[in-house]
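Asker: with the sequence up front, the predicted model follows.
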Amino acid sequence: MSRFKQLIRLASRYGSISGARLFYQISVGKEAVKVPGLLHPIYLRPGTTDASVFTKIFVHEEYKFKQADGKVIKTIIDAGANIGLAAVYFAMTYPQATIVCVEPDAENFNQLKKNTAPYKNIKAIQAGVWNTATSLSIANPSAASWSFELREAEGSSLGVEGITIDMIREKFDFATIDMAKIDIEGSEKELFESGYESWLPRTKLLIIEVHDWKRKGSSKAVFSALGRYNFSFGKKGENLIFTNEDM
């Protein structure tokens, strides 16, 4: 997006003065960005894709869905939480919800903790979401911070903890999952190939981005698993939205 278009979008979202002030903060690479409507600043790392992620979430509002209108949202799992911006957006939108963030990369996780520290309803776990409890490793450590891919760790190599959705549910006593946002850069293939039978039918709203170009068969695994249950389907931008019609 050009800088002019970004300015226009920010002005449209927040008003001309507040939008221009926010545009300036992002443009000069200010680390602590004050966002209209938020009590606490957002921390972005200069020279990274953080500003782009911020724009997608807070300006384009890619996690604002009509499917959630009128629903009681009290339990949220954010798998692939990056630096916590989606979690902060959810905390702003659903202040009564408990939000569990899961992020495998150490640098992203440290920034996530910084962004979410003021929000007592946001819980953070440094791990990767998988279909079994296992040890994982980041397959592309030199990639951009929003696009890390996970693989099962080989041999005795030290890796990232791999946890299941059911482990998260049990840890935080979620009888049901009101919303699950899953953006895990191809690991959705493994997540939806097996081990979903206990948590998927308990999920009311599922927001997922599939990455077939990273892990062939990802979308097939997602649609095959969801096809076993009574989910309706929608789409917004890169996100696929599934609503459980039995809940």
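Answerer: That came through, no problem. Numbering: from 1, shown residues only.

Asker: so what's F58 up against?
Answerer: The neighbours of F58, taking Cβ atoms under 8 Å, 6 or more residues apart in numbering as the test, are 13, 35, 42, 85, 89. C-beta: built from backbone N, CA, C; applies to glycine.

Asker: relative to R21, how far out is it?
Answerer: 14 Å (Cβ to Cβ, to the nearest Å).

Asker: hang on, the earlier thing: would you list the contacts of F58 in TSV and tack on secondary structure, neighbour count and distance to K64?
Answerer: Output for the contacts of F58, formatted as TSV (DSSP: H, G, I helix; E, B strand; the rest coil; neighbours: other Cβ atoms under 10 Å; distance: Cβ to Cβ, whole Å):
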residue	secondary structure	neighbour count	distance to K64
R13	helix	17	11
V35	coil	20	15
I42	strand	24	17
L85	helix	26	14
Y89	helix	23	8
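
Asker: in the lowest-mean-pLDDT helix or strand in the chain, which residues are buried?
Answerer: Least confident element among the helices and strands of the chain, by mean pLDDT, DSSP states H and E: strand 150-152 (a mean of 75). For strand 150-152, burial by neighbour count (16 or more other Cβ atoms under 10 Å) applies to 150-151.

Asker: again with stretch 113-123
Answerer: So stretch 113-123, judged by 16+ other Cβ under 10 Å, has buried residues 113-116, 119, 121-123.

Asker: quick one: terminal-to-terminal distance for that stretch?
Answerer: End-to-end distance for stretch 113-123: 9 Å, by Cα to Cα, to the nearest Å.

Asker: direction included, what does the helix or strand following the least confident helix or strand of the chain pair against?
Answerer: Counting by DSSP states H and E, the next helix or strand C-terminal to strand 150-152 is strand 160-163. In the sheet, strand 160-163 lines up against strand 128-129 (parallel), strand 134-138 (antiparallel) (DSSP bridges).
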